[in-house]
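A.B. asks: Here is a sequence with its predicted model. Questions after.
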Amino acid sequence: MNTSAETRASERTELLLRGCALLGRTDPVLADLLDEEVGRQTATLAMIASASVADPSVLAAAGSAFSNVTAEGYPGARYHPGAAGFDAIERLAVERAKAAFGARYANVQPHSCSSANISVLTALLPPGGVLLGLDLDSGGHLTHGSPASLTGRHFTAVHYGLDADGLIDYEGAAELARTHRPGVIIAGASAYPRTIDFARFRAIADSVGAYLVADISHIAGLVVTGEHLSPIDLAHVTTTSTYKQLGGPRGGLILIGREHDTLGPDGRSTLAQLMQRGVFPRSQGTPDPAAIAAKARALDMVVQPAFKETTRRIVADAQALAAALTARGHRVLTGGTDNHMVLLEILGRGVTGVVAERALEECGILANRNRIPGDVKPPLVASGLRLGTNVLAQRGMGTAEMAHCARLLHEVLAATTAVSDTEYRLDPAVRRRTRTEVAELCGRFPLPYYAPTSADAETRTGF
Ligand SMILES: *Cc1c(COP(=O)(O)O)cnc(C)c1O
């Protein structure tokens, strides 16, 4: 590093440190809340399928002075002066997104995958246009046309579901496509443990002249490393969150592969042009330069060999966890998993999803309630539990530790007695013992770089 780079690095570092010191001095209430969170995450077994842990370098990039730059538009075509530095950062993020996913076009400005989906849908469909997506209770996302979402109110949404084995009902989707002639078909899920056949969806889309949008929010990390088949060249447009499996900041991406210069529904603009306009000015204002810097950082980390190793472990861990839970008599939906996610039907054990979630949280284990196909309980109660292995794998836990995690889950659920849909009793001895074991496990597998003592984390980190 030359001297001027060192000076700049130290100016940036000093600014962050001064900010932390100022916060502690002038706003101890907020500082305490922020401090507690690091300790909590370090000591908690997070099995939230939509979560991952951002490398501290990602957090540092997100906390930069670029937050002060206001610049609508795109690199080289801003509506404000003073954006030369930000232009370079956004170009870097775009190049890294294209490289990571093998895409020809990338938009790094969406503030979330929800806003990415809204940008894409409004670019491809007229108001009232027909959208075909996976039903929410079958594992779809709100933005795939749920009546609770703008996408279900602004467009005419039709939903496909699952077959008797809990797998996507491709035949049913094809039939619905023939009947309703959607302008857009969305392939993607928030709660689906199996491989999604994007090629089959593309054939369905082609059979009715629809655009295929792949939403890989949950599996983006697996797609980058080839652990899940990539939809980039199969779908017309692909969207993702950047914080779920990519270990990035809160945010979204829009990606296009070989269809980048395919014409959109207006017959004049390419899909890439439509996506540029669909994000800004149609559905967003100024981009968040600090978040885009953090996306650039995360997108560089996901192409490193260590991340490939982590994603392999994510899948192996999920499969081991599913097998261990099945062996203990739990009902694993679809009988297993191909990705990072394990879905449990939990009501059959006499507790609801929310009761299971709360009892586990008391013991330091985080997993969230989830609606499952044919669910008879309302969304805030639910009959299922969704588990994910992203963070466990990031901590370096392997299949041996999954047997341990399955035992902990099982013991807590077995010691939980439902009093109602939302109330329960948990055996205090089991709670005490599980907390001790969770603390021991988390101590043995620290979050890489989050604890000052985790020197050996160097060899384990994949994010
Ligand atoms: C989480 C999720 C989203 C929304 O992502 P946000 O970045 O949280 O807005 C969209 N689609 C799918 C499939 C998701 O799982």
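C.D. replies: Happy to help now that I have it. These numbers come from a predicted model, not from an experiment. Numbering: from 1, shown residues only.
A.B. asks: can you give me the helices in the stretch 301-450 of the chain?
C.D. replies: Ranges of helices within the stretch 301-450 of the chain are 305-327, 353-362, 390-394, 399-414, 428-444, based on DSSP state H, counting those that start in this stretch.
A.B. asks: Pull the distance from the last one to the chain's centre.
C.D. replies: Think helix 428-444. 28 Å (C-alpha atoms, centre = their mean, to the nearest Å).
A.B. asks: In that helix, which residues are buried?
C.D. replies: By 16 or more other C-beta atoms under 10 Å, the buried positions in helix 428-444 come out as V430, R431, R433, T434, E437, V438, L441, C442. C-beta coordinates here come from the backbone N, C-alpha and C atoms, glycine included.
A.B. asks: any chance of those in JSON lines, plus distance to the ligand?
C.D. replies: Written out in JSON lines, the entries for the buried residues of helix 428-444 read as follows (distance: C-beta to the nearest ligand atom, whole Å):
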{"residue": "V430", "distance to the ligand": "32"}
{"residue": "R431", "distance to the ligand": "31"}
{"residue": "R433", "distance to the ligand": "34"}
{"residue": "T434", "distance to the ligand": "29"}
{"residue": "E437", "distance to the ligand": "30"}
{"residue": "V438", "distance to the ligand": "26"}
{"residue": "L441", "distance to the ligand": "27"}
{"residue": "C442", "distance to the ligand": "25"}
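A.B. asks: how about the residues you listed in a markdown table, adding distance to V237?
C.D. replies: Listed next are the buried residues of helix 428-444 as a markdown table, based on distance: C-beta to C-beta, whole Å:
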| residue | distance to V237 |
| --- | --- |
| V430 | 48 |
| R431 | 47 |
| R433 | 49 |
| T434 | 44 |
| E437 | 45 |
| V438 | 41 |
| L441 | 41 |
| C442 | 39 |
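A.B. asks: Widest-spaced pair of those?
C.D. replies: Within those, V430 and C442 form the most distant pair, 18.0 Å apart (C-beta to C-beta).
A.B. asks: who are the neighbours in contact with P126?
C.D. replies: The contact partners of P126, by C-beta atoms under 8 Å, 6 or more residues apart in numbering, come to G183, P265.
A.B. asks: Could you identify which of the helices of the stretch 301-450 of the chain is most buried?
C.D. replies: helix 390-394 (a mean of 27; mean count of other C-beta atoms under 10 Å).
A.B. asks: Kindly report the domain assignment for this protein.
C.D. replies: Taking automatic domain parsing as the domain assignment, the ranges for the chain are 67-301, 305-459.
A.B. asks: Flag every residue of the stretch 1-150 of the chain that's near the ligand.
C.D. replies: Within reach of the ligand by C-beta under 6 Å from any ligand atom, the stretch 1-150 of the chain has these residues: S50, S112, C113, S114, N117, H141, T143.
A.B. asks: Sort out which of those are in helices and list them.
C.D. replies: Assigned to helices by DSSP state H, the following of these qualify: C113, S114, N117.
A.B. asks: any chance of the residues you listed in JSON lines, with pLDDT and neighbour count too?
C.D. replies: Converted to JSON lines, these look like this (pLDDT from 0 to 100; neighbours: other C-beta atoms under 10 Å):
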{"residue": "C113", "pLDDT": "98", "neighbour count": "28"}
{"residue": "S114", "pLDDT": "98", "neighbour count": "19"}
{"residue": "N117", "pLDDT": "98", "neighbour count": "30"}
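A.B. asks: could I get the residues you listed as a markdown table with distance to L124?
C.D. replies: As requested, those are arranged in a markdown table below (distance: C-beta to C-beta, whole Å):
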| residue | distance to L124 |
| --- | --- |
| C113 | 16 |
| S114 | 16 |
| N117 | 11 |
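A.B. asks: So which of those residues is the closest to Q394?
C.D. replies: Closest to Q394, out of all of those and judged by C-beta to C-beta, is C113, at 20.3 Å.
A.B. asks: how about a markdown table for the helices of the stretch 301-450 of the chain, with mean pLDDT added?
C.D. replies: Formatted as a markdown table, those follow (pLDDT from 0 to 100):
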| stretch | mean pLDDT |
| --- | --- |
| helix 305-327 | 98 |
| helix 353-362 | 98 |
| helix 390-394 | 98 |
| helix 399-414 | 98 |
| helix 428-444 | 98 |
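A.B. asks: got JSON lines for those, with distance to R268 too?
C.D. replies: Output for the helices of the stretch 301-450 of the chain, formatted as JSON lines (distance: least, C-beta to C-beta, whole Å):
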{"stretch": "helix 305-327", "distance to R268": "40"}
{"stretch": "helix 353-362", "distance to R268": "48"}
{"stretch": "helix 390-394", "distance to R268": "42"}
{"stretch": "helix 399-414", "distance to R268": "53"}
{"stretch": "helix 428-444", "distance to R268": "56"}
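A.B. asks: Relative to H180, which of those is closest?
C.D. replies: Comparing the helices of the stretch 301-450 of the chain by C-beta to C-beta, helix 353-362 comes nearest, at 31.5 Å.
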